[in-house]
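Undergrad: no FASTA, just this:
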């Protein structure tokens, strides 16, 4: 029992005064940039509900929202995951497979949609023969 108490008293608490991080300007710049991108993305996303846009304008808004989302993702990865500070070869080793994977998803969806449209063009059901409905007398009319 006495041995355990001595072990606790041997290590004194050591604390050092902390100074602010030297790169707070970079963090605040990233915060404001991401805030502006997020507000713009939300404004575009909610605008098509408020103004009931349709057609090519809706597709343009959705495309712009996708571009803003991807730019936010690239900015977050380059600043907070420090990929922007790495060498070009390491960045390409990470980004090229990612871009290829996104392209594969897009290509497979495009091809699947084309196959579905091609298959449905020739899959027309045979016309059915229509039968006249039987006349059912109302109750109480047969006396």
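TA: Ah, there it is. Computed from a predicted model, the values in this text were never measured in an experiment.

Undergrad: where does pLDDT dip in the chain?
TA: Residues of the chain meeting the criterion pLDDT under 70: 1-12, 120-127, 129, 131-132, 141-143.

Undergrad: following the helix or strand hosting residue 27, which helix or strand shows up next?
TA: Assigned by DSSP states H and E, residue 27 falls within helix 24-50. Downstream of helix 24-50, the first helix or strand assigned by DSSP H and E is helix 56-80.

Undergrad: which residues does that following helix contact?
TA: The contact list for helix 56-80, computed with CB atoms under 8 Å, 6 or more residues apart in numbering, reads 26, 30, 33-34, 37-38, 40-41, 44-45, 47-48, 53, 83-84. Yep, even glycine has a C-beta here, placed from its N, CA and C like the rest.

Undergrad: for stretch 84-92, same thing?
TA: Stretch 84-92 is contacted from outside by 78, 83, using CB under 8 Å, 6+ apart.

Undergrad: just how off-centre is stretch 89-102 within its chain?
TA: Distance, stretch centre to chain centre, for stretch 89-102: 18 Å (CA atoms, centre = their mean, to the nearest Å).

Undergrad: max-length helix in the protein?
TA: helix 88-122 (DSSP state H).

Undergrad: out of the contacts of helix 56-80, which are buried?
TA: Applying 16 or more other CB atoms under 10 Å to the contacts of helix 56-80, the neighbour count classes 34, 41, 48 as buried.

Undergrad: quick check: closest non-adjacent residue to the second one.
TA: If I follow you right, that is residue 41. The shortest distance from residue 41 to any non-neighbouring residue, by CB to CB, 6 or more residues apart in numbering, is to residue 68 (4.5 Å).

Undergrad: ditto for the first one
TA: In this structure, residue 34 finds its nearest non-sequential neighbour in residue 72, 6.2 Å apart by CB to CB, 6+ apart.

Undergrad: pull the number of nearby residues for the one you found.
TA: Other residues near residue 72 number 16, with proximity taken as other CB atoms under 10 Å.

Undergrad: next one: residue 28
TA: Residue 28: 10 surrounding residues under other CB under 10 Å.

Undergrad: now residue 69
TA: Per other CB under 10 Å, the neighbour tally for residue 69 reads 14.
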